[in-house]
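Colleague: 3D model of this:
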Amino acid sequence: MSSGVAWIILAIAGLCEIGWAVGLKYTEGFSRLWPSVWTVIAMVASVALLGWSLKVLPLGTAYAVWTGIGAVGTAILGIYLFGESREVARLVSIGLIVAGIVGLKLLTPDAH
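Modeller: Numbers count the residues shown, from 1 in each chain. Take a look at the predicted model:
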């Protein structure tokens with residue numbers, strides 16, 4: 001697998017992480033069947049894809065990017081879906097996480 005493919009897989013893993021994190025809200029403590037099923041599927045997919053990307057990408061970088069994508073996406077969906085705070089300091093902090101993700105991607109050498 002090329003590093004480009006590994007980065008795409010990692011991005012999809014991060015999107016799955018967003019899915020399960022937001023899905024937890026809809027499970028109501030895993031008391032609702034279908035939201036719980038979809039949340040668990042997203043959890044398994046997220047971790048499996050992360051593991052697959054680790055065949056090529058450095059552990060520390062991949063894990064930081066994976067959690068960063070999840071944190072940013074979940075925070076944005078929290079604002080959009082659940083009316084969470086749009087305070088400027090919060091948005092700047094989310095932007096800093098994005099900057100960290102981009103920095104890690106740019107500074108990670110291609111693995112061979």
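Colleague: Can you tell me the SS state at residue 55?
Modeller: coil (DSSP: H, G, I helix; E, B strand; the rest coil).
Colleague: who touches it in this structure?
Modeller: Going by C-beta atoms under 8 Å, 6 or more residues apart in numbering, residue 55 touches 1, 6. Yep, even glycine has a C-beta here, placed from its N, CA and C like the rest.
Colleague: I'd like the distance between it and residue 42.
Modeller: Here the criterion is C-beta to C-beta, to the nearest Å. By it, residue 55 lies 21 Å from residue 42.
Colleague: mind checking pLDDT for residue 82?
Modeller: pLDDT, residue 82: 96.
Colleague: List the contacts of it.
Modeller: Residues near residue 82 by C-beta under 8 Å, 6+ apart: residue 25.
Colleague: Now do the same for the host helix or strand of residue 96: mean pLDDT, whole number.
Modeller: Assessed by DSSP states H and E, residue 96 sits inside helix 88-107. Mean per-residue pLDDT for helix 88-107: 94.
Colleague: which helices and strands does that helix pack with?
Modeller: Judged by 3 or more C-beta pairs under 8 Å, 6 or more residues apart in numbering; DSSP states H and E, helix 88-107 is in contact with helix 59-82.
Colleague: Buried residues of the helix holding residue 96, list them for me.
Modeller: For helix 88-107, burial by neighbour count (16 or more other C-beta atoms under 10 Å) applies to 94, 97, 101, 104.
Colleague: by how many degrees do it and helix 59-82 diverge?
Modeller: Computed by axes from the mean of the first three to the mean of the last three C-alpha atoms, to 10 degrees, the angle separating helix 88-107 from helix 59-82 equals 150 degrees.
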